[in-house]
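Colleague: A structural model of the following input is requested.
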Amino acid sequence: MSGLQYLSRTVLLCRDYVLNGLSDQEISHRFESVQVLCVSDLHNLSSHAGQVAIITLVSLLSRMGMQVRLSLPDASLLLPQPPLFGSSISEVLTSSSRKLTPNATVIQGDNSMADLTFALGNSKVKNGGVPCWRLSGDDWNGGLSLDREGEPNSFTCEWPIGSMVSAALAAAEAFKFVMRRMPFRNAPRGFFSTRQPRPGSNSMRFRFLNKSSILGMSTSSVRGQSLRQPCMC
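Modeller: Prediction:
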């Protein structure tokens, strides 16, 4: 399959808003040309939740065809992360390069051309001048905030539901970033703005707790999440 075929559903989603004259190839290229920097320190990668957050985020970005650059320490993998394999977080992520979609690369250490940045918790970020979002979460809550707005907590818990929620929020911001760079048929809708926090807040925070949310997920999503839960023996 070609890169365009892998991104066919993403392209179809964009079709509701972009100019009709924009070809599928052009839409696909907009996603594949974006460089995303993912940053974490060792403290945030020392928990299962933190590791799930970065792996989920990189996987979602890669499935949109984006180029991911990593600034991560050499942290050992705590628990298996199928279908990805490796002994360290960096090895797990870099080994996924071009595997989820053929044109999406994952490279450790090259952060010179980033278009936007995502950081785990309170990790220090050296890359300036581009939009930076911070992921945070606990067992059941996931959050996302712009850098220097709010006080994101570090990832310290083991239960990874909140970390997967924060990764999904981050991937949505990456999607909106690309959408804002394309010509629209009409003025962009409100949900393509830089952020949509709840009233009176500079961050977004969601819970993943009630049974209806769990029952509403697809079977593959449930299976993927169950593989990332710590063993309760």
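
Colleague: Name the helix or strand for residue 27, please.
Modeller: helix 24-32 (DSSP states H and E).

Colleague: Can you name the secondary structure element that comes next after that helix?
Modeller: That would be, after helix 24-32 and using DSSP H and E, strand 35-39.

Colleague: Need the pLDDT of residue 107.
Modeller: On pLDDT, residue 107 comes in at 96.

Colleague: An error on my part: the question was meant for residue 128.
Modeller: 69.

Colleague: do the same with residue 95
Modeller: pLDDT, residue 95: 96.

Colleague: What's the local residue count around the nearest residue to it once chain neighbours are set aside?
Modeller: Leaving out its chain neighbours, the residue that sits closest to residue 95 by Cβ to Cβ, 6 or more residues apart in numbering is residue 86, at 5.5 Å. Backbone N, C-alpha and C define where each C-beta goes, glycine included. Neighbours of residue 86 under the rule other Cβ atoms under 10 Å: 15.

Colleague: what sits against residue 86?
Modeller: 77, 92, 93, 95 (Cβ atoms under 8 Å, 6 or more residues apart in numbering).

Colleague: Name the SS class of it, please.
Modeller: coil (DSSP: H, G, I helix; E, B strand; the rest coil).

Colleague: Tell me how far it lies from residue 74.
Modeller: 12 Å (Cβ to Cβ, to the nearest Å).

Colleague: Show the residue spans covered by the strands in the chain.
Modeller: According to DSSP state E, the chain carries its strands in the segments 35-39, 67-71, 106-108, 116-120, 132-137, 141-146, 203-207.

Colleague: can those go into CSV with extra columns for distance to residue 56?
Modeller: Compiled in CSV, the strands of the chain are given as follows (distance: least, Cβ to Cβ, whole Å):
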stretch, distance to residue 56
strand 35-39, 11
strand 67-71, 12
strand 106-108, 13
strand 116-120, 11
strand 132-137, 10
strand 141-146, 10
strand 203-207, 14
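
Colleague: Need those in CSV (columns: mean neighbour count and distance to residue 25).
Modeller: Shown next, in CSV, are the strands of the chain (neighbours: other Cβ atoms under 10 Å; distance: least, Cβ to Cβ, whole Å):
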stretch, mean neighbour count, distance to residue 25
strand 35-39, 23, 20
strand 67-71, 22, 17
strand 106-108, 19, 23
strand 116-120, 26, 23
strand 132-137, 26, 29
strand 141-146, 22, 31
strand 203-207, 18, 33
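
Colleague: Of the ones you listed, which is nearest residue 153?
Modeller: With Cβ to Cβ as the measure, strand 132-137 is the member of the strands of the chain nearest residue 153 (5.0 Å).

Colleague: picking up where we left off before, what's the separation between the residue nearest to residue 95 and residue 70?
Modeller: 13 Å.

Colleague: Kindly export whichever helix in the chain runs longest (C-alpha atoms) in CSV.
Modeller: Across the chain, the longest stretch assigned as helix under DSSP state H is helix 161-179. Taking C-alpha atoms only, helix 161-179 is exported to CSV below (Å, rounded to 0.1, in the frame of the first residue of the first chain):
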residue,chain,number,x,y,z
ILE,A,161,-5.8,5.2,31.2
GLY,A,162,-5.2,8.9,31.9
SER,A,163,-1.9,8.9,29.9
MET,A,164,-3.7,7.4,26.8
VAL,A,165,-6.3,10.2,27.1
SER,A,166,-3.6,12.9,27.2
ALA,A,167,-2.0,11.3,24.2
ALA,A,168,-5.3,11.4,22.3
LEU,A,169,-5.7,15.0,23.2
ALA,A,170,-2.2,15.8,21.9
ALA,A,171,-2.7,13.9,18.6
ALA,A,172,-5.9,16.0,18.1
GLU,A,173,-3.9,19.2,18.5
ALA,A,174,-1.4,17.9,15.9
PHE,A,175,-4.2,17.2,13.5
LYS,A,176,-5.7,20.7,14.0
PHE,A,177,-2.2,22.2,13.5
VAL,A,178,-2.1,20.7,10.0
MET,A,179,-5.7,21.6,9.2
